[in-house]
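> A predicted structure for the sequence below; I have some questions about it.
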Amino acid sequence: MLGTVETPYWQHNPGSRENVPKTDPRLVPTLKPEEAAKAIFDGVAANKAFVVKPAIYRALFVMNALFPKTVASQLRRAAKKAKTG
């Protein structure tokens, strides 16, 4: 599970960035393609079932395991805010 990766995807899909929930870049930084590739490569080399980058997303997995309904409602709320601005 990777966060936002700064690739040409965003230039080729106008308006798509507006659908991504707003986050604090200090907590959830935008990844460079090289960072994403390294995380995937290292995960495969370590035979990991999941690759998580940035690390803050691990907390989301834990919260989802403990409070799935709350996490789902908050993610829906954040997605709705992203669409309405």
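Cool, the structure landed. Owing to the predicted nature of the structure, the values given are computational and were not obtained by experimental measurement.
> Would you mind putting the CA coordinates of the host helix or strand of Lys69 into PDB?
Per DSSP states H and E: Lys69 is located in helix 68-84. Taking Å, rounded to 0.1, in the frame of the first residue of the first chain, the C-alpha atoms of helix 68-84 are listed here in PDB:
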ATOM      1  CA  PRO A  68     -13.400  -0.800  11.500                       C
ATOM      2  CA  LYS A  69     -16.700   1.100  11.400                       C
ATOM      3  CA  THR A  70     -15.100   4.300  12.700                       C
ATOM      4  CA  VAL A  71     -12.200   4.100  10.200                       C
ATOM      5  CA  ALA A  72     -14.600   3.400   7.300                       C
ATOM      6  CA  SER A  73     -16.800   6.300   8.200                       C
ATOM      7  CA  GLN A  74     -13.900   8.700   8.500                       C
ATOM      8  CA  LEU A  75     -12.500   7.600   5.200                       C
ATOM      9  CA  ARG A  76     -15.800   8.200   3.500                       C
ATOM     10  CA  ARG A  77     -16.000  11.600   5.200                       C
ATOM     11  CA  ALA A  78     -12.500  12.500   3.900                       C
ATOM     12  CA  ALA A  79     -13.300  11.300   0.400                       C
ATOM     13  CA  LYS A  80     -16.500  13.400   0.400                       C
ATOM     14  CA  LYS A  81     -14.600  16.500   1.500                       C
ATOM     15  CA  ALA A  82     -12.100  16.000  -1.300                       C
ATOM     16  CA  LYS A  83     -14.900  15.900  -3.900                       C
ATOM     17  CA  THR A  84     -16.600  19.100  -2.500                       C
END
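> what helices or strands is that helix leaning on?
Under the contact definition 3 or more CB pairs under 8 Å, 6 or more residues apart in numbering; DSSP states H and E, helix 68-84 sits against helix 56-66. Quick note: C-beta positions are derived from backbone N, CA and C, even for glycine.
> what does the worst-scoring helix or strand of the chain on mean pLDDT rub up against?
Least confident helix or strand, the chain: helix 68-84 with a mean of 79, by mean pLDDT, DSSP states H and E. Contact with helix 68-84 is made by Glu18, Asn19, Val20, Pro21, Lys22, Leu60, Met63, Asn64, as judged by CB atoms under 8 Å, 6 or more residues apart in numbering.
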